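>>> what shape does this take:
(one chain, ligands or ions: 1)
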Amino acid sequence: MIRLMQASDVQVVVEIENLVQSHPWTKKQFEESIDGYLATVIEQDHQVVGFCILQPVLDEANLLLMAIHPSQQGKGLGFKLLDESIALLKNNPVQIFLEVRESNQAAIALYEKSAFHQIDLRKNYYPKKEGGREHAIIMVKTCGDDFSQLFK
Ligand SMILES: CC(C)(COP(=O)(O)OP(=O)(O)OC[C@H]1O[C@@H](n2cnc3c(N)ncnc32)[C@H](O)[C@@H]1OP(=O)(O)O)[C@@H](O)C(=O)NCCC(=O)NCCS
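Numbering: from 1, shown residues only. Next up, the predicted model:
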């Protein structure tokens, strides 16, 4: 089940974030995202096992962050979470943008399956935990293939 993130979810969300990210978001960032962004969670057996943060901006959106608990990865949950979270965006975005570490092949494959494609590279954008930096890949998904809306 996918639903909006609530303040009571933040502790579990931070735990998942700390398990998967080398430079994790803070508790405060997640708390602020509940009001400022579209923050969603996915539950399995009544447990929060993943989250997604989308930032609507005018008629576009940015995918800021998403993760699935390591024990639940590879079961299709990330794809479902992303797809259903995008559907919850109220601004009906024309395009959705994201940045992803070049080394994050699992995420890049998920995004490609979700119809994002690579448009640019931001060189030496991310710091690496072990030192040095790595490139960010910029991806975009064009939404609203249903042009019937335009002629209503
Ligand atoms: C990226 C992430 C969210 C994917 O979630 P997931 O639930 O494991 O992904 P799914 O099971 O829905 O997989 C969907 C598709 O993604 C791709 N994919 C997922 N895991 C993969 C892996 N380890 N290697 C290669 N491709 C992978 C596949 O194309 C897959 O489709 P398929 O099963 O038909 O082959 C998850 O790996 C994760 O939380 N990673 C750590 C946090 C992170 O990197 N977040 C994204 C950047 S902010």
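
>>> helix, strand, or coil at the residue in the chain positioned nearest to the ligand?
The nearest approach of the chain to the ligand comes at residue 78, 2.3 Å away (CB to the nearest ligand atom). The way it works is simple: take the backbone N, C-alpha and C, and place the C-beta from them, glycine included. Three-state call for residue 78 (DSSP: H, G, I helix; E, B strand; the rest coil): helix.

>>> ok, the nearest residue to it once chain neighbours are set aside - contacts?
What sits nearest to residue 78 in space, not counting adjacent residues and going by CB to CB, 6 or more residues apart in numbering, is residue 68, at 4.8 Å. Shown in contact with residue 68 (CB atoms under 8 Å, 6 or more residues apart in numbering): 16, 42, 49-50, 77-78, 81.

>>> which among those residues end up buried?
Buried members of the contacts of residue 68, scored by 16 or more other CB atoms under 10 Å, are 16, 42, 49-50, 77-78, 81.

>>> picking up where we left off before, doesn't residue 63 make contact with the residue of the chain closest to the ligand?
No. Using CB atoms under 8 Å, residue 78 is not in contact with residue 63; the gap is 11.7 Å.

>>> of the buried ones among the contacts of residue 68, which is the nearest to residue 110?
For the buried ones among the contacts of residue 68, the closest approach to residue 110 (CB to CB) belongs to residue 78, at 5.2 Å.
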